[in-house]
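Student: just to be clear, the model below is a prediction. Sequence and coordinates:
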Amino acid sequence: MYIIAWIVFGLIVGAIAKLLMPGRDPGGFIVTILLGVAGAILGGFIGQAGGWYQPGEPAGFVMAVVGAVILLLLYRMVAGRAGRRV
């Protein structure tokens, strides 16, 4: 059940990351949301492993958004370069 909660949380965070980083994404909205899920899991894991916050604290939400934005930025950089080579 814990993983399902992170997935739903990641969907919300992915949508917020998309709002914070407007523009066209190479993969579209669905890929952006999936990157949000991955970013939320990654950001949550790093924040909790680093001891910055405990589960359920508001800082977890902020860290999840930061993780999603970073993954979205990396995805845009990698996908943008791959599209230019073709």
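Tutor: Nice, thanks for sending it over.
Student: residues contacting Gly10?
Tutor: Contact analysis of Gly10 by C-beta atoms under 8 Å, 6 or more residues apart in numbering lists 33, 36-41, 64, 68. From N, CA and C alone the C-beta is placed, and that goes for glycine too.
Student: how near is it to Ala64?
Tutor: Distance, Gly10 to Ala64, using C-beta to C-beta, to the nearest Å: 7 Å.
Student: report the set of residues contacting both of the two.
Tutor: Contacts common to Gly10 and Ala64, judged by C-beta under 8 Å, 6+ apart, are 39-40.
Student: show me where pLDDT drops low in the protein?
Tutor: 1, 25-26, 81-86 (pLDDT under 70).
Student: wait, doesn't Leu71 sit right on Ala40?
Tutor: No. Between Leu71 and Ala40 there is no contact under C-beta atoms under 8 Å: 9.4 Å.
Student: quick one: which of these two has more around it?
Tutor: For Leu71 versus Ala40, the count of surrounding residues by other C-beta atoms under 10 Å is larger for Ala40: 30 against 22.
Student: was I right to think that one contacts Phe9?
Tutor: Yes. Contact criterion C-beta under 8 Å: Ala40 and Phe9 qualify, at 5.6 Å.
Student: where's the nearest residue to Ala64 once chain neighbours are set aside, which helix or strand?
Tutor: Take Ala64 and drop its neighbours on the chain: the residue closest to it by C-beta to C-beta, 6 or more residues apart in numbering is Ala40, 3.9 Å away. Assigned by DSSP states H and E, Ala40 belongs to helix 28-49.
Student: how about the helices of this protein, start to end?
Tutor: 2-20, 28-49, 58-85 (DSSP state H).
Student: deepest-packed of those helices, please.
Tutor: The highest average neighbour count among these, using mean count of other C-beta atoms under 10 Å, belongs to helix 28-49 at a mean of 19.
Student: packing partners for that helix?
Tutor: helix 2-20, helix 58-85 (3 or more C-beta pairs under 8 Å, 6 or more residues apart in numbering; DSSP states H and E).
Student: just want the angle from it to helix 2-20.
Tutor: Here helix 28-49 runs at an angle of 120 degrees relative to helix 2-20 (axes from the mean of the first three to the mean of the last three C-alpha atoms, to 10 degrees).
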